[in-house]
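A.B. asks: Turn this into a model:
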Amino acid sequence: MRILVDEDIPFACETFADFPDVRAISGSHLSRSVIGDADVLVVRSITPVNSGLLDGTQVRFVGSATIGTDHIDIEYLRSKKIDFVSAPGSNSRAVAEYVLAALVHAAALTGRELESSSLGIVGAGHCGSHVAELAGVLGMKVLLNDPPLARQTGDPRYVPLDELYECDFLTFHIPLTRDGPNPTYHMVNREFLMGLKRGVVLINSCRGAVIDEKDLRAALDSGHLAGAVCDVWENEPCIDKGLLERVMIGTPHVAGHSQEGKARAIRMVRDEVCLHLNLPQADTVPEGILQKADPCSIRVSRPAMHTSREEMLGYCILNAVPIIRDDTELRSVAGKKSSGWAPLFDSLRKNYRHRREFGAFQVSFGPGCGQPVQEAARLLGFGVEVF
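C.D. replies: From the prediction side, this is the model:
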């Protein structure tokens with residue numbers, strides 16, 4: 001039983017170390033000839049898995065260490081009775097923490113207080129529900145829109161989309177679909193944007209083509225929107241540099257790139273491979289590696305009299321999520337006069353310094369910070385101590 005694993009999947013070698021016949025390969029150079037007589041294939045999103053890749057091979061199981069499946073021809077796999085698994089929800093916590101950092105930074109740029117602001121969340125699945133939880137800790141009023149969940153549950157907390165139009169911030173956590181009862185391709189278009197109250201900030205960390213970028217540029221140019229945060233883009237990696245120049249924050253599709261998220265993804269795939277091969281699940285998995293790592297430290301000294309709970313929490317959040325660094329690096333790459341813009345964007349993703357999630361951080365609060373901010377930090381997931 002031979003297993004091929006993309007060598008650029010974090011923790012892949014450690015996770016599959018105890019399998020007898022495993023080979024690490026380059027996902028960007030994967031072909032039928034490379035696959036050879038492999039039975040199991042584990043890939044990233046850069047590898048299109050379809051008839052062109054698998055016809056004539058003996059692959060019976062495909063695992064993708066990703067939440068998305070846009071690169072997978074699922075119908076083809078079904079027709080060939082090839083089992084498939086991805087890792088939905090594995091990076092949802094990382095995405096939610098990214099959105100929290102985006103909210104903190106955008107609020108500072110627009111002079112708003114999050115505690116008196118409202119957040120509309122479009123899509124209340126893995127990512128959206130985490131965002132709602134964390135935003136609630138910051139004191140934001142949260143509205144949820146999710147038509148599929150509304151139909152399935154009848155839960156009144158899922159409100160119609162137009163009830164989110166008066167929110168101060170909007171964030172999107174939906175799949176990219178072109179048909180069905182709720183298509184999402186270019187759902188954020190001119191009509192949608194003009195229906196929003198003036199001064200809204202949009203955050204997109206799901207799929208680039210959920211937003212019609214030419215209409216987003218127009219709404220930003222006119223001042224109807226106060227700003228936008230984009231981690232995902234249409235036509236990646238050939239993104240619109242003009243839009244990058246207009247957004248508050250632009251990052252190279254790394255919202256979900258935490259070490260913990262990557263560890264969860266490959267663990268989920270490994271578990272399914274074990275089930276497929278009728279093998280016992282072992283403990284040689286990356287979560288243990290991460291748990292043994294030294295905690296990251298954030299120090300919050302005695303605050304000035306004017307420093308609020310929100311400012312102290314924002315300081316912790318922006319120290320944990322380097323969203324400003326990521327924005328600076330993308331703009332620096334975009335500013336290079338090079339015909340190879342797409343490879344540079346891809347390089348930022350491939351070589352990204354995967355951050356740690358809040359739970360890996362120990363926040364030390366000095367005298368005078370107060371119990372409320374310490375408790376809020378705990379609720380956000382940080383470790384807390386007092387010095």
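A.B. asks: Give me the contacts around the helix or strand hosting Ser364.
C.D. replies: Using DSSP states H and E, Ser364 maps to strand 361-365. Outside strand 361-365, the residues that touch it by C-beta atoms under 8 Å, 6 or more residues apart in numbering are 295-300, 316, 319-320, 373-374, 377, 382-387. C-beta here means a position set from N, CA and C on the backbone, and glycine is covered the same way.
A.B. asks: buried residues in it?
C.D. replies: By neighbour count on 16 or more other C-beta atoms under 10 Å, the buried set for strand 361-365 is 361, 363, 365.
A.B. asks: ranges for the strands of the chain?
C.D. replies: Using DSSP state E, the strands found in the chain span residues 3-6, 22-25, 40-43, 61-64, 83-85, 118-122, 141-145, 169-172, 200-204, 225-230, 249-250, 296-300, 361-365, 383-386.
A.B. asks: mind saving the C-alpha coords of the fourth one as PDB?
C.D. replies: Presented in PDB, the C-alpha positions along strand 61-64 are these (Å, rounded to 0.1, in the frame of the first residue of the first chain):
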ATOM      1  CA  PHE A  61      -8.300   7.300  -2.000                       C
ATOM      2  CA  VAL A  62      -7.700  11.000  -2.300                       C
ATOM      3  CA  GLY A  63      -7.200  13.300   0.700                       C
ATOM      4  CA  SER A  64      -6.900  17.100   0.500                       C
END
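A.B. asks: Which strands or helices does it pack on?
C.D. replies: Helices and strands touching strand 61-64, by 3 or more C-beta pairs under 8 Å, 6 or more residues apart in numbering; DSSP states H and E, are strand 40-43, strand 83-85, helix 259-277.
A.B. asks: Turn the buried residues of strand 361-365 into TSV, columns for distance to Leu100.
C.D. replies: TSV is the format used below for the buried residues of strand 361-365 (distance: C-beta to C-beta, whole Å):
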residue	distance to Leu100
Phe361	13
Val363	15
Phe365	19
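A.B. asks: follow-up on the earlier one: could you list the paired strands of the strand holding Ser364 along with their orientation?
C.D. replies: Here strand 361-365 has these sheet partners by DSSP bridges: strand 296-300 (parallel), strand 383-386 (parallel).
A.B. asks: okay, now the nearest residue to Asn235 once chain neighbours are set aside: neighbour count?
C.D. replies: Among residues not flanking Asn235 along the chain, Gly208 sits closest, at 7.4 Å (C-beta to C-beta, 6 or more residues apart in numbering). Look at Gly208: counted by other C-beta atoms under 10 Å, it has 18 neighbours.
A.B. asks: Now for Gly208: which residues touch it?
C.D. replies: Counted by C-beta under 8 Å, 6+ apart, Gly208 has contacts 230, 232-236, 239.
A.B. asks: Show me the shaky parts of the stretch 101-250 of the chain.
C.D. replies: Filtered on pLDDT under 70, the stretch 101-250 of the chain yields no residues whatsoever.
A.B. asks: any idea how far Phe16 lies from Leu4?
C.D. replies: Distance, Phe16 to Leu4, using C-beta to C-beta, to the nearest Å: 10 Å.
A.B. asks: Deepest-packed of the strands paired with strand 361-365, please.
C.D. replies: With neighbours defined by mean count of other C-beta atoms under 10 Å, none of the strands paired with strand 361-365 is more surrounded on average than strand 296-300, at a mean of 17.
A.B. asks: Need the per-residue pLDDT for the residue positioned nearest the centre of the chain.
C.D. replies: The C-alpha lying nearest the average C-alpha coordinate of the chain belongs to Gly256 (C-alpha atoms, centre = their mean; 2.9 Å). On the pLDDT scale, Gly256 is placed at 94.
A.B. asks: cool, Asp70 as well?
C.D. replies: Taking Asp70 on its own, its pLDDT is 83.
A.B. asks: and Arg23, bridged to which residues?
C.D. replies: The partner list for Arg23 in beta bridges (DSSP bridges) reads Leu4.
A.B. asks: In contact with it, which residues?
C.D. replies: 2-5, 38 are the contacts of Arg23 under C-beta under 8 Å, 6+ apart.
A.B. asks: Quick check: of those, which lies closest to Glu272?
C.D. replies: Using C-beta to C-beta, Ile3 comes nearest to Glu272 of these, at 12.2 Å.
A.B. asks: Can you get me a residue count around the closest one?
C.D. replies: Counted with other C-beta under 10 Å, the neighbours of Ile3 add up to 21.
A.B. asks: Apart from its neighbours in sequence, what residue is nearest Gly68?
C.D. replies: Excluding its sequence neighbours, the residue lying closest to Gly68 (C-beta to C-beta, 6+ apart) is Ser45, at 6.1 Å.
A.B. asks: do Gly136 as well
C.D. replies: Val142 (5.9 Å).
A.B. asks: what sits against that neighbour?
C.D. replies: 118-119, 121, 132, 135-136.
A.B. asks: ok, of those, which come out buried?
C.D. replies: Buried members of the contacts of Val142, scored by 16+ other C-beta under 10 Å, are 118-119, 121, 132, 135.
A.B. asks: Can I get those in TSV including distance to Met268?
C.D. replies: As requested, these are exported to TSV (distance: C-beta to C-beta, whole Å):
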residue	distance to Met268
Ser118	34
Leu119	29
Ile121	24
Ala132	23
Ala135	26
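A.B. asks: I'm done for today, thanks for sticking with me.
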